[in-house]
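**Q** Need coordinates for the following:
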Amino acid sequence: MVTVVALGCGKGQLTLEGAKAIERADKVFVKTALTDTYDYFNDKGIDNVPLDFIYENSQDFDDLDKSIVDYLAKQDDGSNIAYCVNGSGCDDRSVIALSKARDIKIIPSVSAGTAGNKPSVANISISAYELVNMRGFNYDTRLSLSITDLDNVFIAGEVKLVLQNILGDEEKILFNKKEIPVYELDRQSEYDYSTVVGILPKKLVEKSRFNFADLCEIMKILRGDGGCQWDRAQTHESIRENAIEEAYELVDAINNQDLDNMIEESGDLMLQSVFHCAIAEDCAEFNTEDVLSAICRKLIDRHTHIFGDVVANTLEEALKAWDAAKAKEKKYSSVSDKIDKIAKSLPALLRAYKVQKAVAKTGFEFENFEQVISKIDEEKQELLRAKTPDELEDEGGDLLIAVVNALRWKGVDPEVALSRSIEKFSRRYKYVEDHCDGDMKSKDMDTLNALWEEAKIATEN
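**A** Alright, predicted model coming up:
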């Protein structure tokens, strides 16, 4: 049996129950002898084995935890073992690892976050080691945060990188009880088991860095009592076109490789989603948590090759797994069902592209590219023979679909291709216009064609 005895965060914080457990133990192991809590063992003359040698031989803290668990398992011959750690006991990484491997008893003491000489700011408390191992750690900065276990400069540096992303370089934090900017977190003179970083909440208008919770709060303020009259008046229908506009502006920024504009337009597009959530919440339709839950559930359920037991080692296998999971989720009974659910508000070229991709997966497809090009020629001739407006519309649409199909065969997105050609045409036209001295109508077609040929070369780069 292993009894975990928490020693607290300083000399004299060992509980009476903990002291009795150490006295009854046949073997006593102490995680580290490099703190003042270890004075208890020297003062009482208690035989013990410090495990600092494991610390020194470990590659990282995960390795340290595993090595301590393995070492204690080898010492367990049925005798009564006391394993002594600093802090409360419950928040020690090695204790958490030990609890997963075997049954243990914990005799708690004072945690670093509640120690009298440390900043008392914690709405949330987390170990530095847990923080840096979490993917994309973030928290609601409207709450206070305590980060414990900053026992060396290296872990302080890792925590600094996380906090710089959340708070910025210059944001003031508490290092024990001393106020320092975030960038100085790994520049302090001392770190030990009891070091705690405290972060206090700030008002919205005082922040330099924001997170998703801040965006939601701002939207609630704008639509709340005393908020912005325009924001309060909006409905799903009144702002629905904004999402399309912002999406295209983001695409423009991507095409232009404009990172600053990508940041702005990504934010504008995100705002549209939050705006709809705020409207829906006011109408008791749904809320932000419903939307986030739905998208997270979708990502987990459709990535069966990541979160399930499906094997996908290539891009093609991953897409196949996604499609299979999506079909199961949507309960498609046919490809026609899938086609019917392609958004009709999509641009026509993109919708045609999606329809053709769905149909092609069923085998309803040309055998080779020559047949694809032949279909374009066929549709072109039918367009030439068309006479009425309805016939021209029908045959023109058929020709466009045939061209979209040809691009799909070559792996080209028709929306991207057409947008690129429009930009190219616009640049060339501007060149011609600029070289006509503002009077294009007076120029004959030979002159304009010659200028157009010049524009192809002049505007190529």
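
**Q** switch to C-alpha atoms for all contacts and neighbour counts from now on
**A** Will do.

**Q** For Val355, which non-adjacent residue is closest in space?
**A** Ile339 (6.0 Å; CA to CA, 6 or more residues apart in numbering).

**Q** Tell me, how many residues neighbour the one you found?
**A** Residue neighbour count, defined by other CA atoms under 10 Å, stands at 18 for Ile339.

**Q** isn't it right up against Gln356?
**A** No - the pair Ile339 / Gln356 is not scored as a contact, 9.2 Å apart, by CA atoms under 8 Å.

**Q** Show me the strands in the stretch 151-300 of the chain, by range?
**A** 172-175, 178-181, 197-199 (DSSP state E, counting those that start in this stretch).

**Q** How about the stretch 1-150 of the chain?
**A** Under DSSP E, counting those that start in this stretch, the stretch 1-150 of the chain gives strands at 2-6, 27-30, 49-50, 81-85, 104-107, 124-127, 145-148.

**Q** if we can go back for a sec, deepest of the strands of the stretch 151-300 of the chain, which one?
**A** Comparing the strands of the stretch 151-300 of the chain by mean neighbour count (mean count of other CA atoms under 10 Å), strand 197-199 comes out on top with a mean of 26.

**Q** Show me what that strand pairs with in its sheet, parallel or antiparallel.
**A** strand 145-148 (antiparallel), strand 172-175 (antiparallel) (DSSP bridges).

**Q** can you list the residues that contact the last one?
**A** For strand 172-175, the external contacting residues (CA atoms under 8 Å, 6 or more residues apart in numbering) are Pro119, Glu179, Ile180, Pro181, Val182, Leu185, Thr195, Val196, Val197, Gly198, Ile199, Leu200.

**Q** Tally up the residues packed near the fifth one, please.
**A** Think Val182. Neighbour tally, Val182, other CA under 10 Å: 23.

**Q** From the contacts of strand 172-175, pick the one nearest Lys27.
**A** Thr195 (29.1 Å; CA to CA).

**Q** was I right about the closest one contacting Val153?
**A** No - checked against CA under 8 Å, the pair Thr195 and Val153 is beyond contact range at 11.0 Å.

**Q** Neighbour count: those two, which is higher?
**A** A direct count of neighbours by other CA under 10 Å for Thr195 and Val153 places Thr195 higher, at 22 against 17.

**Q** Quick check: chain neighbours aside, which residue is closest to the more buried one?
**A** Nearest residue to Thr195, sequence neighbours excluded (CA to CA, 6+ apart): Leu150, at 5.4 Å.

**Q** Also Leu131?
**A** Nearest non-adjacent residue to Leu131 (CA to CA, 6+ apart): Phe137, at 6.6 Å.

**Q** quick one: buried residues of the lengthiest helix in the chain?
**A** Ordering each helix of the chain by length in residues (DSSP state H) puts helix 259-282 first. Neighbour-count burial for helix 259-282 flags 261-262, 265-266, 268-272, 274-280 (criterion: 16 or more other CA atoms under 10 Å).

**Q** likewise stretch 242-257?
**A** Ala243, Glu246, Ala247, Glu249, Leu250, Val251, Asp252, Ala253.
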